[in-house]
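Colleague: one predicted model, sequence on top.
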Amino acid sequence: MEILSPVSCCSNITPSLPVKGNANQAPSKLKHVEQVKKLYFKNLVPPLVAAVVALSPICNTPALAQTVDIQRGATLFRQACIGCHDGGGNIIQPGATLLTKDLERNGVATEDDIYRVTYYGKGRMPGFGESCTPRGQCTFGPRLKEDEIRLLAEFVKLQADGGWPNVASNGD
């Protein structure tokens with residue numbers, strides 16, 4: 001008795017799909033199935049590619065992080081600063097606004113300068129830093145952490161450079 005391998009015993013058999021109707025309809029149905037597959041593939045690929053790109057390390061760019069930081073800076077500004085500095089102005093001391101021309105005139109032209117004034121205070125502006133001294137120069141309200149003051153300084157500089165576009169309250 002000879003034992004045949006599955007390949008050799010079945011090599012002459014070709015699978016067939018059951019087809020309803022006459023044999024002339026099979027190619028058109030097959031064509032329709034191929035078109036449906038192509039359409040499905042076309043509709044599936046873009047979202048998959050977008051997901052892969054969005055989740056890939058190359059798209060985790062500093063720009064995204066910077067946007068989040070700016071939003072956090074805006075929220076902090078609305079919570080701690082907008083009472084005196086609405087729209088970049090200054091209701092206590094009009095010559096000390098957060099507009100670029102006033103910042104530069106008052107020697108507060110960089111983010112580091114803005115950070116220092118926010119942390120320690122200057123003139124009539126109280127300091128908001130956790131370790132701000134002397135006591136009379138610092139806010140009696142809640143203190144801000146160093147990273148929060150960095151975010152505020154970045155936000156204020158960005159707003160000043162942009163002419164203080166609207167920073168209306170968003171209900172935060």
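Modeller: Here it is on my side, so go on. Numbering: from 1, shown residues only.
Colleague: which non-adjacent residue is nearest P126?
Modeller: Of all residues beyond its chain neighbours, the one nearest P126 is T139 (4.2 Å), with distances taken as C-beta to C-beta, 6 or more residues apart in numbering. The C-beta positions use only the backbone N, C-alpha and C, and glycine is treated the same way.
Colleague: just checking, that neighbour touches F128?
Modeller: Yes. Contact criterion C-beta atoms under 8 Å: T139 and F128 qualify, at 5.3 Å.
Colleague: overlap in contacts of those two?
Modeller: Counting by C-beta atoms under 8 Å, 6 or more residues apart in numbering, the shared contacts of T139 and F128 are G121.
Colleague: the more surrounded of those two?
Modeller: Taking neighbours as other C-beta atoms under 10 Å, T139 and F128 compare with F128 leading, 24 against 15.
Colleague: can you give me the neighbour number for the spatially closest residue to the more buried one that is not a sequence neighbour?
Modeller: Spatial nearest neighbour of F128, excluding adjacent residues (C-beta to C-beta, 6+ apart): L144 at 4.6 Å. Counted with other C-beta under 10 Å, residues neighbouring L144 total 22.
Colleague: wait, L144 touches L76, no?
Modeller: Yes. Counting by C-beta under 8 Å, L144 does reach L76; the two are 7.2 Å apart.
Colleague: identify the contacts common to these two.
Modeller: By C-beta under 8 Å, 6+ apart, the residues touching both L144 and L76 are L152.
Colleague: if we can go back for a sec, bridging across strands, which residues link to the residue nearest to F128?
Modeller: G129 (DSSP bridges).
Colleague: roughly how far apart are it and R72?
Modeller: Going from L144 to R72 by C-beta to C-beta, to the nearest Å gives 12 Å.
Colleague: neighbours of G107, just the number please.
Modeller: G107, neighbours per other C-beta under 10 Å, totals 10.
Colleague: same question, E130
Modeller: Counted with other C-beta under 10 Å, E130 comes out at 13.
Colleague: can you mark which positions in stretch 128-141 are buried?
Modeller: Within stretch 128-141, the residues that qualify as buried are F128, G129, C132, C138, counting by 16 or more other C-beta atoms under 10 Å.
Colleague: gap between the second one and Y119?
Modeller: Which is G129. Distance from G129 to Y119, by C-beta to C-beta: 3 Å.
Colleague: ditto for the first one
Modeller: F128 is 7 Å from Y119, where distance means C-beta to C-beta.
Colleague: got it, and the third one?
Modeller: Summarising the geometry, the distance separating C132 from Y119, computed by C-beta to C-beta, is 6 Å.
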